[in-house]
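Peer 1: sequence plus the predicted model coming up.
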Amino acid sequence: MGYLQSMQYRYPEERGGQFLRHLFFPTLLALLTGVLLTLSFPSPDQGWVAWFALVPLVCACHERQGKPSFFLGLLSGFLATSGIFHWILKVQVFQWPHFLLLVLLALFFAAYTALWCVGLSFLRDLSLPLLLTAPALWVSLDYLRAHAGFVALPWTILAHSQHTNLALIQIASYTGEYGISFLIVMANIGLSEAILRKKWKGLIIAFCIIALLHSWGTKLLLRGTKADRLKVAVIQPNIPLSVGDSYLGEATHLSRLEGLTITVAKYKPALFVWPESAVTDLHRRDELVMQLRKISKAANAPLLVGSSDYIALPSKNRSPPGGLIFIIPAYNAAYFISPENSGGSLAKPYRKCILVPFGEYLPFPSLTKKLPDWLIPKLFESLPGNEYRTYIIHKDIKVSPIICWENIFADYVRQLVREEQPHLIVQLTNDNWFGHTAAPYQHNIASVFRAVENRVPIAIASNTGPSWVIDPMGRVVAEVEGLFIQGAAVGEVSLRNDVTFYTKNGDLFVFMCMVLVMIAGLSTAFLRTQDKKTV
């Protein structure tokens with residue numbers, strides 16, 4: 001009887017202890033990582049937090065097998081994705097039925113974190129150091145995320161949290177942005193091993209590597225250059241979406257763009273950059289072309305202008321009531337307007353090549369068009385471009401445009417630099433849809449890495465901001481501060497002529513990480529086979 005009484009007394013306490021140890025505390029740690037990752041990006045943009053943000057999750061998954069680790073990683077990734085992308089709820093076209101899509105999106109991207117956690121449970125038992133294999137696995141999954149077809153979204157990858165850590169991110173000229181992600185995960189693993197196993201060797205090694213790279217990057221930033229310099233002006237007109245829907249709105253828009261351009265012309269920039277969709281149908285409106293050429297001549301420099309180009313379809317059953325034709329968007333384009341060619345034809349435009357799924361085109365249209373409008377709004381799909389463009393400005397300096405979110409795809413920009421060898425990249429953007437959120441800042445910081453990776457300056461002209469001029473070292477040298485304000489900024493940048501290792505060789509570092517992961521995977525499979533034979 002005494003034994004039974006003892007069991008009855010201890011059993012609830014043991015069950016409660018197991019609940020705290022096996023479920024509550026690990027869940028709390030996983031959620032903490034989700035919060036810390038959210039804090040690492042704009043806003044509040046506390047990048048230093050990323051250096052220990054993964055530690056709670058690694059501790060939560062310690063000595064746990066695949067399924068529990070997957071659940072913890074999924075939970076952490078879901079919270080982080082939801083926190084970083086919370087601005088989607090404020091997008092002007094967002095409706096509450098789309099909340100389901102947001103949940104599915106968060107779960108999809110959380111799966112990458114979950115797979116990494118599962119990988120940790122296999123990698124710990126290998127002779128290969130976790131200090132290398134865990135970051136290699138993270139980088140491999142990051143690369144997969146950036147090349148996942150229509151769901152590819154390398155937006156706010158871990159490296160982007162360090163966009164202000166200019167000294168450290170200089171390594172991107174060799175490894176791409178993935179090298180910075182590798183270092184962050186390495187530091188987190190080293191710190192986790194020190195906490196869990198009282199082993200400080202990994203943390204010391206990680207600290208020394210990061211310190212050396214930081215010192216090297218600092219020397220690069222302090223080193224002067226004899227390269228030619230170029231002034232470029234970015235124009236931020238702050239035109240609301242509603243204004244552009246009428247001819248009166250377009251006239252107001254043009255007047256504001258012209259005023260801002262002429263205002264900063266006194267600084268004698270070699271190029272003025274207007275934002276995405278600054279004008280409409282430039283390809284078939286001769287009077288508008290002439291007007292822009294007059295502005296260019298008055299400013300004494302060429303313009304790069306974003307244009308929404310439309311095409312006309314026969315009426316049939318798709319025309320608006322009483323209409324004879326139906327106008328639909330065709331291309332998101334950028335045009336080069338030179339003051340030296342006042343009567344000639346327009347140069348061929350650059351047409352946006354990487355379109356936004358569900359915004360500019362519908363993936364798998366045979367399926368998605370059958371879904372209800374409240375879930376997937378029906379849209380007239382834009383057409384993608386199929387080639388880069390380069391334009392010549394002052395002293396044979398070459399300029400290449402990209403449009404909107406093309407800047408987040410490192411491969412695309414690298415290939416542009418490799419093929420066209422521009423001295424300057426201009427990014428035309430209209431983040432009006434995002435409102436007063438962190439999204440435009442999250443969007444822009446990817447261009448900091450594109451500049452460093454290829455040592456090419458990037459000028460971002462955004463309709464509603466922020467508009468930046470970024471030098472080849474990733475420094476923002478000029479900006480129009482704030483969102484939904486009008487202004488212009490002129491920045492002077494150096495023009496690099498050397499080709500970086502990353503531009504020339506691409507993601508060689510990523511492929512090395514993938515090979516390491518494959519070796520680790522084969523080793524795990526071999527060891528498990530041997531264990532079964534032993535049993």
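Peer 2: Cool, got the structure. Just so it is clear, the structure is predicted and the values come from calculations on it, not from any experiment.

Peer 1: phi, psi of the most centrally placed residue in the chain?
Peer 2: In the chain, the residue lying closest to the centroid (Cα atoms, centre = their mean) is Trp155, at 3.2 Å. Summarising the backbone geometry of Trp155 under the convention degrees, to the nearest 10, its torsions are phi -100, psi 130.

Peer 1: which pLDDT value goes with it?
Peer 2: Here the pLDDT value assigned to Trp155 is 95.

Peer 1: who touches it in this structure?
Peer 2: Contacts here follow Cβ atoms under 8 Å, 6 or more residues apart in numbering; on that basis Trp155 touches Trp405, Ile408, Gln442, His443, Ala446. C-beta here means a position set from N, CA and C on the backbone, and glycine is covered the same way.

Peer 1: next: Ser467.
Peer 2: When contacts are counted by Cβ under 8 Å, 6+ apart, Ser467 touches Val234, Ile235, Gln236, Pro275, Ile460, Ala461, Glu479, Val480, Gly487, Ala488, Ala489.

Peer 1: could you flag which of the residues you listed are buried?
Peer 2: With neighbours counted by 16 or more other Cβ atoms under 10 Å, the contacts of Ser467 contain buried members at Val234, Ile235, Gln236, Pro275, Ile460, Ala461, Glu479, Val480, Gly487, Ala488, Ala489.

Peer 1: and the furthest pair within those residues?
Peer 2: Pro275 and Glu479 (14.2 Å; Cβ to Cβ).

Peer 1: tell me where the model's unsure across the stretch 1-150 of the chain.
Peer 2: Judged against pLDDT under 70, the low-scoring parts of the stretch 1-150 of the chain cover residues 1-22, 92-98.

Peer 1: swap the cut-off to 50 and go again
Peer 2: 1-11, 13, 19 (pLDDT under 50).

Peer 1: swap in the stretch 201-350 of the chain?
Peer 2: Applying pLDDT under 50 to the stretch 201-350 of the chain flags residues 244-246, 315-324, 326.

Peer 1: distance of Ala251 from Gln291?
Peer 2: Using Cβ to Cβ, to the nearest Å, one gets 10 Å for the distance from Ala251 to Gln291.

Peer 1: quick one on the thing from earlier: nearest to Ala60 among the contacts of Ser467?
Peer 2: Checking these one by one against Ala60 (Cβ to Cβ), the nearest turns out to be Ile460, at 38.7 Å.

Peer 1: that closest one contacts Val476, doesn't it?
Peer 2: No. Ile460 is not in contact with Val476 according to Cβ atoms under 8 Å; the separation is 9.4 Å.

Peer 1: what's the overlap in contacts for those two?
Peer 2: With Cβ under 8 Å, 6+ apart, Ile460 and Val476 have common neighbours Trp468, Val469, Ile470.

Peer 1: which of these fall within strands?
Peer 2: Using DSSP state E, Trp468, Val469, Ile470 are the members of the shared contacts of Ile460 and Val476 that sit in strands.

Peer 1: these into JSON lines, with extra columns for distance to Ile397, pLDDT and neighbour count?
Peer 2: Conversion of those to JSON lines gives the following (distance: Cβ to Cβ, whole Å; pLDDT from 0 to 100; neighbours: other Cβ atoms under 10 Å):
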{"residue": "Trp468", "distance to Ile397": "19", "pLDDT": "98", "neighbour count": "26"}
{"residue": "Val469", "distance to Ile397": "15", "pLDDT": "98", "neighbour count": "29"}
{"residue": "Ile470", "distance to Ile397": "17", "pLDDT": "98", "neighbour count": "28"}
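
Peer 1: the strands in the protein, which residues?
Peer 2: Counting by DSSP E, the segments of the chain that form strands are 229-236, 271-273, 279-280, 303-314, 325-337, 350-351, 391-393, 397-403, 424-429, 458-462, 467-470, 476-480, 487-494.

Peer 1: partner strands of the last one, with direction?
Peer 2: Strand pairing for strand 487-494, using DSSP bridges, gives strand 229-236 (antiparallel).

Peer 1: what's the distance between the strand it pairs with and the middle of its chain?
Peer 2: How far strand 229-236 lies from its chain's middle: 23 Å, per Cα atoms, centre = their mean, to the nearest Å.

Peer 1: count the neighbours of the residue nearest to Gly385 when sequence neighbours are not counted for me.
Peer 2: Among residues not flanking Gly385 along the chain, Arg351 sits closest, at 2.8 Å (Cβ to Cβ, 6 or more residues apart in numbering). Burial of Arg351, expressed as a neighbour count using other Cβ atoms under 10 Å, amounts to 21.

Peer 1: for Arg351, give me its contacts.
Peer 2: Neighbouring residues of Arg351 by Cβ under 8 Å, 6+ apart: Tyr331, Asn332, Ala333, Ala334, Leu383, Pro384, Gly385, Asn386.

Peer 1: how about 7 Å then?
Peer 2: By Cβ atoms under 7 Å, 6 or more residues apart in numbering, the contact list for Arg351 reads Tyr331, Asn332, Ala333, Gly385.

Peer 1: need the per-residue pLDDT for it.
Peer 2: The confidence metric pLDDT takes the value 96 at Arg351.

Peer 1: ditto for the one 3 residues further on
Peer 2: Reported pLDDT at Ile354 in the predicted model: 95.

Peer 1: report pLDDT for the closest residue to it other than its chain neighbours.
Peer 2: If the residues on either side of it in the chain are set aside, Ile354 comes closest to Glu406, at 4.9 Å by Cβ to Cβ, 6+ apart. Predicted confidence (pLDDT) at Glu406: the value is 98.

Peer 1: now the strands of the chain in JSON lines, with distance to Pro363?
Peer 2: Rendered in JSON lines, the data for the strands of the chain read as follows (distance: least, Cβ to Cβ, whole Å):
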{"stretch": "strand 229-236", "distance to Pro363": "32"}
{"stretch": "strand 271-273", "distance to Pro363": "31"}
{"stretch": "strand 279-280", "distance to Pro363": "27"}
{"stretch": "strand 303-314", "distance to Pro363": "22"}
{"stretch": "strand 325-337", "distance to Pro363": "18"}
{"stretch": "strand 350-351", "distance to Pro363": "20"}
{"stretch": "strand 391-393", "distance to Pro363": "32"}
{"stretch": "strand 397-403", "distance to Pro363": "19"}
{"stretch": "strand 424-429", "distance to Pro363": "23"}
{"stretch": "strand 458-462", "distance to Pro363": "27"}
{"stretch": "strand 467-470", "distance to Pro363": "31"}
{"stretch": "strand 476-480", "distance to Pro363": "34"}
{"stretch": "strand 487-494", "distance to Pro363": "37"}
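
Peer 1: walk me through the domains of the protein.
Peer 2: 9-222, 229-496 (automatic domain parsing).

Peer 1: hang on, the earlier thing: closest to Thr261 among the contacts of Arg351?
Peer 2: Proximity of these to Thr261 (Cβ to Cβ) peaks at Ala333, which lies at 19.4 Å.

Peer 1: need the contact list for the closest one.
Peer 2: If you count contacts by Cβ under 7 Å, 6+ apart, then Ala333 has Ser307, Asp309, Pro349, Tyr350, Arg351 around it.

Peer 1: could you pull out the helices in the stretch 201-350 of the chain for me?
Peer 2: For the stretch 201-350 of the chain, the helices defined by DSSP state H, counting those that start in this stretch cover 201-222, 247-264, 286-299.

Peer 1: output the contacting helices and strands for the second one.
Peer 2: Helix 247-264 sits against strand 229-236, helix 286-299, strand 487-494, with contacts defined as 3 or more Cβ pairs under 7 Å, 6 or more residues apart in numbering; DSSP states H and E.

Peer 1: the second one packs against which elements?
Peer 2: Contacts of helix 286-299 with other secondary structure elements, assessed using 3+ Cβ pairs under 7 Å, 6+ apart, are made with helix 247-264, strand 303-314, strand 325-337.

Peer 1: so what's the gap between the first one and the chain middle?
Peer 2: Right, helix 247-264. So, by Cα atoms, centre = their mean, the centroid of helix 247-264 is 30 Å from its chain's centroid.

Peer 1: for the shortest one, same thing?
Peer 2: The gap between the average C-alpha position of strand 303-314 and the chain average comes to 26 Å, counting by Cα atoms, centre = their mean.

Peer 1: got the angle between that strand and strand 458-462?
Peer 2: With axes from the mean of the first three to the mean of the last three Cα atoms, to 10 degrees as the criterion, the two stretches strand 303-314 and strand 458-462 enclose an angle of 50 degrees.
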